[in-house]
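Asks: Turn this into a model:
(2 chains)
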Amino acid sequence: MSEPLKGIVLSHAALAQAMVDAVKQITGESGGLVPVSNDGCDGGQLGKRLDAAIGGSDAVVFVDLPGGSCLQAAMRHLRTGEQVAVVAGVNLAMLLDFVYQRHLAPADAARRAAEHGVRAVRSLPA
Amino acid sequence: MTLSLVRLDDRLVHGQVVVGWGRALDVQLVVLVDDRVRASEWEQDLYRMGIPAEVELRFASVPEAIAAAPGWLASPLRTIVVTGDVDTLAQLVEGSDIRRVNIGGIHQQPHRSKRLPYVYLSDDEASRLVSLVARGVDVSAQDVPTARPVPLGEFT
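Replies: Numbering: from 1, shown residues only, chains lettered A, B, ... in the order given. I've put the predicted structure just below:
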């Protein structure tokens, strides 16, 4: 692979921008993550925003919820046949890992990110 | 009338519908009325991803929805019916005894103008909604349950 993977964070409202900002604040890494919001657009317009953010690159699309308009846009993009993988239920822990794994293939990076994100969710005793 | 909500929303089944309205109304059934989605198993699978296990999701074309509407109105199931465009909504209402509709998110398109922060309508779409009011249908906009319902007359 010549170019590192892009990570697209696709969310409701300003969540995606906030998560990308947080990753930059923690790691100093500013490249590779692109925020996309579903604010003010229907499904077709959101698809165009996502297409523009991916820009033909190999990418992992991180979606906030495991259903709804953002996931629908991501799943529709998968049908284009581009080298894109999708992870639903994004959290900060998986993005922090992803920015150091951009050399992987999209499916491998997505699988690793999902595993990392799940491990980060814990219920701690009082 | 036991239909909990008949909604116009161009995102169809999404967070505001499933979480916002679904929780507030303790909904048991969501019916997505859209000819294009009804014809595509792949699209239907997409919408199923966003539905909690305890909520049933059904798909209907406009003719199927008109035929089923009396049953929905008489059913004890707490039901949300979602349509994605004004024409589909108007056909359904004109073909049934539905007397209250909710305008949710209708987003910007080149031929539409802003009526509310979450409602953009062309003049033709606005006229079609006004015609429903003339038939005795209560038409108001309300994106989420905690917002104030805005009667159609205030934004057309």
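
Asks: Show the contacting residues for whatever residue of chain A ends up closest to chain B.
Replies: Nearest residue of chain A to chain B: residue A:67, at 2.3 Å (C-beta to the nearest C-beta). (Each C-beta comes from the backbone N, C-alpha and C, glycine too.) Taking C-beta atoms under 8 Å, 6 or more residues apart in numbering or on different chains as the criterion, residue A:67 is in contact with A:88, B:14-15, B:18, B:49-51.

Asks: Ok, residue B:119 next?
Replies: By C-beta under 8 Å, 6+ apart, the residues touching residue B:119 are B:103, B:105-106, B:141, B:155.

Asks: In the sheet, which residues pair with it? Tell me.
Replies: Counting by DSSP bridges, residue B:119 forms beta bridges with residue B:106, residue B:116.

Asks: Quick check: residues of chain B near chain A?
Replies: Residues of chain B found near chain A (C-beta under 8 Å from any C-beta of the partner chain) are B:10-15, B:18, B:46-47, B:49-51, B:105-109.

Asks: at 6 Å what do you get?
Replies: When proximity is defined as C-beta under 6 Å from any C-beta of the partner chain, chain B approaches chain A at B:10-11, B:14-15, B:46, B:49-50, B:107.

Asks: Max pairwise distance over the residues you listed: which two?
Replies: Using C-beta to C-beta, the residues of chain B next to chain A span at most 21.3 Å, a distance reached by B:49 and B:107.

Asks: Where does the closest residue to residue A:5 other than its chain neighbours sit: helix, strand or coil?
Replies: Using C-beta to C-beta, 6 or more residues apart in numbering or on different chains and skipping residues adjacent in sequence, the residue nearest residue A:5 is residue A:102, 4.3 Å away. Three-state call for residue A:102 (DSSP: H, G, I helix; E, B strand; the rest coil): coil.

Asks: rewinding a little: ramachandran coordinates for the residue of chain A closest to chain B?
Replies: phi 180, psi 170 (degrees, to the nearest 10).

Asks: about what we covered before: per-residue pLDDT, the residue nearest to residue A:5?
Replies: Note on residue A:102: pLDDT of 95.

Asks: Kindly report the same for residue A:43.
Replies: Residue A:43 carries a pLDDT value of 89.

Asks: if I pick it, what's in contact with it?
Replies: By C-beta atoms under 6 Å, 6 or more residues apart in numbering or on different chains, the contact set of residue A:43 is residue B:11.

Asks: before we move on, back to that, ok, residue B:49 and residue B:107, which is more surrounded?
Replies: A count of neighbours by other C-beta atoms under 10 Å in any protein chain shown puts residue B:107 above the other of residue B:49 and residue B:107, at 20 against 15.

Asks: one step back: pick the one among the residues of chain B next to chain A closest to residue A:15.
Replies: Distance to residue A:15 across the residues of chain B next to chain A (C-beta to C-beta) is lowest for residue B:15, with 11.6 Å.

Asks: I'd like to know how many residues surround that closest one.
Replies: The burial count for residue B:15: 19, using other C-beta under 10 Å.

Asks: Find the nearest non-adjacent residue to it, please.
Replies: Nearest to residue B:15 is residue A:68, by C-beta to C-beta, 6+ apart, at 4.5 Å.

Asks: before we move on, the earlier item: residue A:84: which of the residues of chain B next to chain A is nearest?
Replies: Looking across the residues of chain B next to chain A and measuring by C-beta to C-beta, the closest to residue A:84 is residue B:46, at 15.8 Å.

Asks: Name the SS class of that closest one, please.
Replies: Classification of residue B:46 using three-state DSSP returns helix.
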